[in-house]
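**Student:** Test case, fold it:
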Amino acid sequence: MTIRLCACFSSKGEVVIEDAPCLERLLLPCPGRGGDTIRVIKAPKLEILGLLSPRISEIQIANLLLKSLTPANLKNTISTVKILALQFSVPDLNAVIDVLRCFPCLETLYVTLREYLKLPLKDGCEYDPLNPVKCLETHLKKLVLESYKGDDQDIGFARFFVLNAKVLKEIKLRVHEKVNKEWVSDQYRLLEVGTRASEDAQLKFIRSGYMCFNGHDLSTADPFSFDGVDATSDEKYLSSPLSSV
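**Tutor:** Numbering: from 1, shown residues only. I've put the predicted structure just below:
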């Protein structure tokens, strides 16, 4: 079963889903002015969730509570969610790491960037490999970063997953403009793909518009999946095993 909210409230509002034993997808629109509260009391089969944004004042699913996308308690987790879509104004690695701790069996992560959100970076400590994120160790296979510009923040964000996601199969970096081979080659170097954590990982640059999801097509396995078109004219640079660079 899928529940899709077509629009957030124009002012503060609340949605409560009390008991949804068959709910597998909870699809949320791009947040409006903010202040929304979403509560899911019971959804034991929930597998797909998003878009989540700091503009959502509170989202509670069972015992997990996120306030402006910050977990209230990192000990409360949901193991059923396999696909998660997040939205930030900038690639906020500290915030994403905290959210990932709440979804230990996550397999696919989408992060979409919207500068108009004007949300500050979250203060936080550097990632401690002695306190690993479980999904990075055993489950996360796909990362999609939308609105990738290749600046220091974007590189630092993507490089973290290159170096720490041990079973990663695919990284898709969505760019809005066509790029050349020299730019792509430089990105491989800056992302430190030679010291990747997963030998099977592939890196792809995809040219596309803003991310949308196929919420109306219930037959789509992944409602956030959209490949776009080649970002370069050379297939070698569009999709290469990280080990070949």
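
**Student:** what stretches of the chain score poorly on pLDDT?
**Tutor:** Where the chain drops to pLDDT under 70, the residues are 6-11, 30-35, 115-126, 209-219, 226-245.

**Student:** Tell me which residue is most central in it.
**Tutor:** Central residue of the chain (Cα atoms, centre = their mean): Tyr110, 2.7 Å from the mean position.

**Student:** List the contacts of the residue nearest to it when sequence neighbours are not counted.
**Tutor:** Excluding the flanking residues, the one nearest Tyr110 by Cβ to Cβ, 6 or more residues apart in numbering is Ala85, at 4.0 Å. C-betas here are computed from N, CA, C, even on glycine. The contact partners of Ala85, by Cβ atoms under 8 Å, 6 or more residues apart in numbering, come to 49-52, 109-112, 211, 213, 224.

**Student:** quick check, nearest of the residues you listed to Glu170?
**Tutor:** Distance to Glu170 across the contacts of Ala85 (Cβ to Cβ) is lowest for Leu109, with 11.0 Å.

**Student:** Who are the contact partners of that closest one?
**Tutor:** Contacts of Leu109 (Cβ under 8 Å, 6+ apart): 84-86, 96, 100, 140, 142-144.

**Student:** Quick check: of the contacts of Ala85, which lies closest to Gln187?
**Tutor:** For these, the residue nearest Gln187 by Cβ to Cβ is Val111; the value is 16.9 Å.

**Student:** quick one: that closest one and Leu190, what's the gap?
**Tutor:** In this view, Val111 and Leu190 are 18 Å apart by Cβ to Cβ, to the nearest Å.

**Student:** That concludes my questions; thank you for your assistance.
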